[in-house]
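*Asks:* here is the input, now give the coordinates:
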Amino acid sequence: MITYSIWNNKGGTGKTSLAFQSVTRFAQQNPTKKTLVIDMCPQANLSEILLGGQEGDGSTNLLASQGKTPRSSIGGYFDLRLSSPFTPPNITATDYVVKPYDVNKSIPRNIDLVCGDPLLELQAIAMNTLANADIPGVNAWLAVIDWLRELLVRLEYDYVFIDTNPSFSMYTQIALAASDRVVLPVMADDSSRRAIQNAFSLIYGLKLPSEIYSKYTFAKKLNDAGRTLPKIHLILKNRLTQYMGSASAYHAVLIGIDQDLRALIKQYPQFFTFNDVSNATIDVRDFGTTGVVAFARGCPFSNMPTGKLTLGGRRVQVKNEYRNQALDAIDAIVNKIT
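*Replies:* Residues are numbered from 1 along each chain as shown. Just a heads-up that it's a prediction; the model follows:
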């Protein structure tokens, strides 16, 4: 099993949209691989898209999953763990998994889903309290951090993809601790460049503002427990056409991002799956109307019709050329997932 987290502590980088298109395309091209998507975001946008999108009653289908007994979502599983935080309970792990294809025929059959849940925000408060508990002979923080890992060992998948919240909350740390690799979407702006630096501080404890923080970092706690940290696998430079292409004034920011990454690779090669930035950075165009229609219909680019389509009772046009360009960008990402 290889587990990927799609994460950036900065919002608005297109994380969920890239996750949807990349994972569905990956599953299409690898039909024999059992693929699990875990939506670790309280907004559960990825779940809604996979379950049909706006046009296919995705919200209704999501609420139906959350309304099952037990609650068929990541929040339902964490509810159970809150009552048994330090010892894995006897559960049927598949109770928390749904198959998007059952309600959305555009999704490959080999994709399963653990739905997102707004309960995550409330649960995070309890998680933090439990993780800081002082219990003789128990590493309380590690016990809570392992909740997702303990669910995954009860499930049999070849690939797991986790869509995360743009934060470093407790449930985000749980996702990263269960991951082998991280896909980091960025945009061609200075805040994204800073976000890369912040990501390395949060995950790996690098370049902290003070040594006071070093003993509290995610990295130190995992290392002290003998655990390996996830490695950065891909950097997705998203929505470049919003910045008028790489020849614009924003080109300097993109160059700066590459320079920062080269410096980090040189100093900390153990945190990367690659040693050449050019092998792991992918330029992604803004999907525009093509993306809006695809997500509203819960439809991968490869399955989406072009021409005049109906969206929310209105007629919109999706050009075949633009759909193909969007699909080419997704294929470039999928080709790097191994």
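
*Asks:* okay, buried residues for stretch 264-277 please.
*Replies:* 264-265, 271-274, 277 (16 or more other CB atoms under 10 Å). Placement of C-beta: from N, CA and C, glycine included.

*Asks:* measure that stretch end to end?
*Replies:* Stretch 264-277 has an end-to-end distance of 10 Å (CA to CA, to the nearest Å).

*Asks:* which one's the longest helix in this structure?
*Replies:* When every helix of the chain is counted residue by residue (DSSP state H), the longest turns out to be helix 251-267.

*Asks:* quick one: low-confidence ranges for this structure?
*Replies:* Within the chain, the ranges that satisfy pLDDT under 70 run 11-13, 188-190, 208-214, 239-250, 309, 311-312.

*Asks:* where along it do the strands fall?
*Replies:* All strands of the chain, identified by DSSP state E, fall at 2-6, 35-40, 111-114, 159-164, 181-186, 231-237, 281-283, 307-311, 314-318.

*Asks:* related to what we said a few turns ago, buried stuff in the longest helix of the chain?
*Replies:* Across helix 251-267, burial judged by 16+ other CB under 10 Å covers 253-254, 257, 260-261, 264-265.

*Asks:* counting contacts, what elements does it pack onto?
*Replies:* In terms of contacts (3 or more CB pairs under 8 Å, 6 or more residues apart in numbering; DSSP states H and E), helix 251-267 is packed against helix 190-204, strand 231-237.

*Asks:* what sits up against stretch 180-199?
*Replies:* 2-10, 12-15, 18, 176, 203, 207, 230-240, 242-243, 246, 250-251, 253-254, 256-257, 260-261, 273 (CB atoms under 8 Å, 6 or more residues apart in numbering).

*Asks:* now stretch 135-142
*Replies:* Stretch 135-142 is contacted by residues 85-86, 130-134, 221, 225 when judged by CB under 8 Å, 6+ apart.

*Asks:* try it again at 7 Å.
*Replies:* Residues outside stretch 135-142 that contact it (CB atoms under 7 Å, 6 or more residues apart in numbering): 86, 130-133, 221, 225.

*Asks:* rewinding a little: deepest-packed of the helices and strands packed on helix 251-267, please.
*Replies:* When those are scored by mean count of other CB atoms under 10 Å, the highest mean neighbour count falls to strand 231-237 (a mean of 22).

*Asks:* other SSEs contacting that strand?
*Replies:* For strand 231-237, the packing partners by 3 or more CB pairs under 7 Å, 6 or more residues apart in numbering; DSSP states H and E come out as strand 181-186, strand 281-283.

*Asks:* let's see 8 Å
*Replies:* Contacts defined by 3+ CB pairs under 8 Å, 6+ apart place strand 231-237 against strand 181-186, helix 251-267, strand 281-283.

*Asks:* let's have these in CSV, adding distance to Lys336.
*Replies:* Output for the helices and strands packed on strand 231-237, formatted as CSV (distance: least, CB to CB, whole Å):
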stretch, distance to Lys336
strand 181-186, 9
helix 251-267, 15
strand 281-283, 7
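
*Asks:* tell me which of those lies nearest to Lys33.
*Replies:* Closest approach to Lys33 among the helices and strands packed on strand 231-237 (CB to CB): strand 181-186, 15.6 Å.

*Asks:* parallel or antiparallel, which strands does that closest one pair with?
*Replies:* strand 2-6 (parallel), strand 231-237 (parallel) (DSSP bridges).

*Asks:* for the longest one, list the C-alpha coordinates in CSV.
*Replies:* Coordinates of each C-alpha in strand 231-237 appear next as CSV, following Å, rounded to 0.1, in the frame of the first residue of the first chain:
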residue,chain,number,x,y,z
LYS,A,231,8.4,12.6,1.7
ILE,A,232,7.6,15.3,-0.7
HIS,A,233,6.8,13.6,-4.0
LEU,A,234,5.3,16.2,-6.4
ILE,A,235,5.0,20.0,-6.6
LEU,A,236,2.0,21.1,-8.7
LYS,A,237,2.2,24.7,-10.0
